[in-house]
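**Student:** coords below, sequence missing:
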């Protein structure tokens, strides 16, 4: 028959399992009154109960008052810290335990390997691993599984694989840990290979396995492999309608692979929808360019009973930022100020990013100044934003202020400041920061950092320096950095080096249409029309397609998209009339003329004008002017956004337009912002 002491222990374990904190507190009071206040078994159960109920400070008080402690006492408190997300305190407790007479067991080590995984510092894990090896616990299954998980989370996938190969017995958890490790470590192909091997070995996958393999498929863009796993789930009788996590991974796969119809079908099947899946749909539709469906899904989420957390707010704000939806962004910002998650740094960062990408630097400044706490991402966003606006000196000031507040720049921050210097032509400053980066022991420069320097040197006409930098840099050059140099050759009409770089690029990547377009332009600029035409024909022969120019403008909270030559808009004829009217005024008032070098050489002058008139950014501007006849007399700013670099003719056209209409035009292209005012551009024709 169970005695009183055993009944107390049993009651505490029930409270622990079901998270009954109030009842646990009552049992604790009764325990003390009954004379069991110093009983080691009862105290261990109290520590476990408080830890699992999120009251680790109470668990600490019980632990500190204990006259005797065993391995369960120490490990239970470590679990309490870990349950609260305080991995460092767990590791400090392990260090204290090492100085005591109590020796750790397999569960102690397993718990602290999880803590090392949370902290993400592999050196900590290696120290604990060394201690574990001396005690002989490394061969216990629970320890091996935790080791694989820890090394994977710390980015040491080779070490995780070595542990996996050496474990004497592989359970389903072991397989899952390694499959997940490969998937998270962007080695999806190995994750899928292990998934196949696991089944050959006779292990049946579970929901966790499928979640990891679907993540691997999403990372690889392997839509068909994902479909096969989906079919496998159906054949197994796996009820996706009730498996929220697996269904969420499937939705994520389809969304990332651009199959939104399938993502929506799975989403509609799920009975208990998750806020993450809902957000995945919103972002997926936005990335597909289907803004109406994205907003429809977001509205449905807002109307649901799900709480809008920081992840949702940041994700949706990122959609508004990418599409430069200023009005929607402002509305979301107003909503954010009223909810608890609005104070999250990640949310504030996304608000700043939205304002900067919409060209409203003053509002971004205000958010930045009012943030109670900033991280390196906050500073990097501001540096990037100012750089995109061509405000290089201000970007430099922000970078220096960041350092004065003891925030260390990371690789992305250095990329932001180098890019900012490049956009403003600040060669000397850029070289100083690049030198500082090379001497920073914590950061390893990558090809993107070198590409910024190549861009800066190339733009300033120092082409040979730029080429030598590529040839002598310690990292392997990719096609992108050679394209940067080729663009500089085009800008400075250096035919000889352009040919040399073009040959290198064609050997590296002969399917990128960008390479052919630039080479064709270089030949055309040199008057070598036959060679230019030959390059253009090879594009057709290979069946390559250039990314279509797309621009959009927001009018009365509605977004209007245009492609080059687009005639789908119901106001197309009026748009063309308005553009012709503007062209006539430009010719008369500022002597604007189409530049032949921006159009094809083998068509008549009138046809050239027609082809340039239908560029997407001009169509967007034309629509705005049609909607706002009399806009010349109003103040304000016309905001236009383009997915590619704005062309030279449109750049000149908008400069002239800003003068004759006395209107400010803000154009965001793929590279930067252009603020056109009184016939001049903020980029100084340097873009």
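**Tutor:** Cool, the structure landed. Worth saying up front: this structure is predicted, and the values here are computed from it rather than measured. Numbers count the residues shown, from 1 in each chain.

**Student:** so where do the helices sit in the stretch 201-350 of the chain?
**Tutor:** 207-220, 223-235, 244-256, 260-269, 275-288, 291-303, 310-322, 326-336, 345-357 (DSSP state H, counting those that start in this stretch).

**Student:** Looking at those, spot the one closest to residue 437.
**Tutor:** Closest to residue 437 of these, according to Cβ to Cβ: helix 345-357, at 22.8 Å. Using the backbone N, CA and C atoms, a C-beta is placed for each residue, glycine as well.

**Student:** so how far is the helix or strand that that closest one is followed by off the chain centroid?
**Tutor:** Next helix or strand after helix 345-357 toward the C-terminus (DSSP states H and E): helix 361-370. How far helix 361-370 lies from its chain's middle: 22 Å, per Cα atoms, centre = their mean, to the nearest Å.

**Student:** May I see the buried residues of helix 361-370?
**Tutor:** For helix 361-370, a neighbour-count test (16 or more other Cβ atoms under 10 Å) marks 361, 363, 364, 365, 367, 368 as buried.

**Student:** which element is residue 546 on?
**Tutor:** Using DSSP H and E, residue 546 sits within no helix or strand.

**Student:** I'd guessed it sits against residue 517; true?
**Tutor:** Yes: if you go by Cβ atoms under 8 Å, residue 546 and residue 517 touch, sitting 6.3 Å apart.

**Student:** Return the distance of residue 441 relative to residue 408.
**Tutor:** With distances taken as Cβ to Cβ, to the nearest Å, residue 441 is found 11 Å from residue 408.

**Student:** out of these two, which sits in the more crowded spot?
**Tutor:** Remark: of residue 441 and residue 408, residue 408 carries more neighbours, 11 against 5, as counted by other Cβ atoms under 10 Å.

**Student:** Show me which residues of the helix or strand containing residue 431 are buried.
**Tutor:** In the assignment (DSSP H and E), residue 431 maps to helix 427-438. Buried residues in helix 427-438, counted by 16+ other Cβ under 10 Å: 427, 429, 430, 433, 434, 437.

**Student:** Which residues are in contact with the fourth one?
**Tutor:** Contact criterion Cβ atoms under 8 Å, 6 or more residues apart in numbering gives 399, 414, 417, 418, 421 as the residues in contact with residue 433.

**Student:** With the third one instead?
**Tutor:** With contacts defined as Cβ under 8 Å, 6+ apart, residue 430 is in contact with 418, 421, 422, 452, 453, 456.

**Student:** which two in the residues you listed are spaced the farthest apart?
**Tutor:** So, the contacts of residue 430 by Cβ to Cβ: farthest apart are 421 and 453, at 9.4 Å.

**Student:** So the residue nearest to residue 161 when sequence neighbours are not counted: helix, strand or coil?
**Tutor:** Once flanking residues are discounted, residue 161 sits nearest to residue 178: 7.1 Å by Cβ to Cβ, 6 or more residues apart in numbering. Following DSSP: H, G, I helix; E, B strand; the rest coil, we place residue 178 in the helix state.

**Student:** and residue 178, how far is that from residue 213?
**Tutor:** With Cβ to Cβ as the criterion, residue 178 and residue 213 are 12 Å apart.

**Student:** again with residue 175
**Tutor:** Residue 175 is 11 Å from residue 213, where distance means Cβ to Cβ.

**Student:** higher neighbour count, the two?
**Tutor:** Neighbour totals were compared for residue 175 and residue 213, and residue 213 leads with 30 against 25 (other Cβ under 10 Å).

**Student:** Tell me how many other residues crowd the closest residue to residue 267 other than its chain neighbours.
**Tutor:** In this structure, residue 267 finds its nearest non-sequential neighbour in residue 251, 5.4 Å apart by Cβ to Cβ, 6+ apart. By other Cβ under 10 Å, the residues close to residue 251 number 30.

**Student:** sorry, back to before: what score does the residue nearest to residue 161 have for pLDDT?
**Tutor:** Predicted confidence (pLDDT) for residue 178: 96.

**Student:** Next, count neighbours for it.
**Tutor:** 27.

**Student:** What residues does it make contact with?
**Tutor:** Going by Cβ under 8 Å, 6+ apart, residue 178 touches 148, 152, 160, 161, 164, 194.

**Student:** related to what we said a few turns ago, what do residue 175 and residue 213 both touch?
**Tutor:** Common neighbours of residue 175 and residue 213 (criterion: Cβ under 8 Å, 6+ apart): none identified.

**Student:** The nearest residue to residue 674 once chain neighbours are set aside: what's it in contact with?
**Tutor:** Distances taken as Cβ to Cβ, 6+ apart place residue 667 nearest to residue 674, at 4.5 Å, with adjacent residues excluded. Residues near residue 667 by Cβ under 8 Å, 6+ apart: 617, 639, 640, 641, 642, 646, 654, 673, 674, 676.

**Student:** Filter those down to the ones in helices?
**Tutor:** With DSSP state H as the criterion, helices contain 617, 654 from among those.

**Student:** Closest one of the contacts of residue 667 to residue 170?
**Tutor:** Relative to residue 170, the closest of those is residue 641; by Cβ to Cβ it sits at 52.4 Å.

**Student:** Which strand residues bridge that closest one?
**Tutor:** residue 552, residue 668 (DSSP bridges).

**Student:** in the longest helix along the chain, what counts as buried?
**Tutor:** Longest helix in the chain by number of residues (criterion: DSSP H): helix 572-589. For helix 572-589, the neighbour count (16+ other Cβ under 10 Å) marks 572, 574, 575, 576, 578, 579, 582, 583, 585, 586 as buried.

**Student:** and residue 104, helix, strand or coil?
**Tutor:** Look at residue 104: counting by three-state DSSP, its state is coil.

**Student:** Neighbours of it, how many?
**Tutor:** Residues lying near residue 104 (other Cβ under 10 Å) number 22.

**Student:** Adjust the sequence numbering to begin at 4 for everything that follows.
**Tutor:** That works, and once the first residue is 4, the last one we named lands at residue 107.

**Student:** which residues touch it?
**Tutor:** Per Cβ under 8 Å, 6+ apart, neighbours of residue 107: 74, 77, 78, 97, 100, 101, 134, 138, 140.

**Student:** Which ones among these map onto helices?
**Tutor:** Within the contacts of residue 107, residues falling in helices by DSSP H are 74, 77, 78, 97, 100, 101, 134, 138.

**Student:** what comes into contact with stretch 118-136?
**Tutor:** Contacting residues not belonging to stretch 118-136 are listed as 81, 84-85, 88, 90-91, 93-94, 97, 101, 107, 112, 115-116, 141, 146, 149-150, 152-159, 162 [Cβ under 8 Å, 6+ apart].

**Student:** and those residues, which are buried?
**Tutor:** By neighbour count, with 16+ other Cβ under 10 Å, these hold 81, 84-85, 90, 93-94, 97, 107, 112, 115-116, 141, 146, 149-150, 152-157, 159, 162 as buried.

**Student:** And the pLDDT for the closest residue to residue 548 other than its chain neighbours?
**Tutor:** The shortest distance from residue 548 to any non-neighbouring residue, by Cβ to Cβ, 6+ apart, is to residue 516 (6.5 Å). Looking at residue 516, its pLDDT stands at 86.

**Student:** repeat for the one 3 residues further on
**Tutor:** Model confidence at residue 519, expressed as pLDDT, equals 89.
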